[in-house]
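>>> Sequence isn't available, so here's the structure alone:
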């Protein structure tokens, strides 16, 4: 599932875990043996990854729940129940967790997560805003969104979005620097076009090496508001784009427009989806079908290594009827809803 890490050597690894239709990102900084977990969809993949990553032990130092949708936090219960939380210092989530959670299950899961953290760690969950930052050895984590002004605008009804919880989800920037290069990873939450207008207004020079594409590859501007994804990519200039999706998702993620924008972006050299989407096969799947699966990126003495490798990934997608990540932009013709 991932490359093993040599504990004790200065290195960094980040994994975009295949949890089906959901999100889970785990970053590990080797000098401090610190792990941070951003979102955790259901499934045992995250726990298995951590056990494989550092069999000699690591410290979960930070967890972040980007917003209040269960596909971003339901898996935390399993993960936290089996983890050592004695060094957990930071538990952060977006202001949307102050709002009413929809559904009895979502409320129950959040209550259970709170109780587990209270009983087994010195940390208390805290709401965070843009400009908050955290450091773990050579790894720096910055909160880019939302800002306190965004919350005020939402309260006053000036933040017009289809889904307020998505729009106020956390966007995190992870920066890892070694002696040779600096790598930037942006975890986009479920943010959309309007939110990125606000993000770039605060951080006009923002760029990224790796982009975890927001909202599972859904992107739709409404009434001319917000930035088209192509403009966001033009600003960020990512080299690799990762989309976390489930094969059986009912939303048509990732959308055709998203894939077209990614394919048209000149800076992007690879597009990696955790699972096969219906655009690649023309139909939804009832069962999960991995494509890239869990995507791991390791920074060592030789620079950035990505697994699956380009060769291995091409073998997988070439067997699909219409693999979108290998097509030219004009080859994207599907009208599946975003």
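Arrived safely, thanks for sending. These figures come from a predicted structure and were not determined experimentally.
>>> Flag the shaky bits of the stretch 101-250 of the chain, pLDDT-wise.
101-102, 160-162, 222-224 (pLDDT under 70).
>>> All the helices of it, residue numbers only.
Along the stretch 101-250 of the chain, counting by DSSP state H, counting those that start in this stretch, helices occupy 104-120, 148-155, 164-167, 193-202, 229-236.
>>> closest one to residue 308 among those helices?
helix 229-236 (22.5 Å; Cβ to Cβ). C-beta here means a position set from N, CA and C on the backbone, and glycine is covered the same way.
>>> and the nearest residue to residue 116 once chain neighbours are set aside, which of the three is it?
Nearest residue to residue 116 in three dimensions, chain neighbours excluded: residue 80, at 5.0 Å (Cβ to Cβ, 6 or more residues apart in numbering). Applying DSSP: H, G, I helix; E, B strand; the rest coil to residue 80 yields a three-state assignment of helix.
>>> ok so, going back, between the helices of the stretch 101-250 of the chain, which one is nearest to residue 287?
Residue 287 lies closest to helix 104-120 among the helices of the stretch 101-250 of the chain, at 22.4 Å (Cβ to Cβ).
>>> Tell me who's in contact with residue 136.
When contacts are counted by Cβ atoms under 8 Å, 6 or more residues apart in numbering, residue 136 is found next to 29, 32, 34, 36, 61-62.
>>> now do 6 Å
29, 32, 34, 61 (Cβ atoms under 6 Å, 6 or more residues apart in numbering).
>>> now, among those residues, which is nearest to residue 309?
Using Cβ to Cβ, these come closest to residue 309 at residue 29, 23.6 Å.
>>> Now do the closest one, the pLDDT please.
Per-residue confidence (pLDDT) for residue 29: 92.
>>> My read is that it contacts residue 141, right?
No: using Cβ atoms under 6 Å, residue 29 is not in contact with residue 141, being 10.0 Å away.
>>> picking that back up, nearest to residue 314, of the helices of the stretch 101-250 of the chain?
helix 229-236 (22.2 Å).
>>> Not counting stretch 193-201 itself, show me its contacts.
144-145, 161, 167, 221, 225-227, 232.
>>> Would you check how far apart the closest residue to residue 189 other than its chain neighbours and residue 192 are?
Among residues not flanking residue 189 along the chain, residue 169 sits closest, at 3.4 Å (Cβ to Cβ, 6+ apart). To residue 192, residue 169 is 10 Å away according to Cβ to Cβ, to the nearest Å.
>>> more neighbours, these two?
Neighbour count, other Cβ atoms under 10 Å: between residue 169 and residue 192, residue 169 has more, with 31 against 26.
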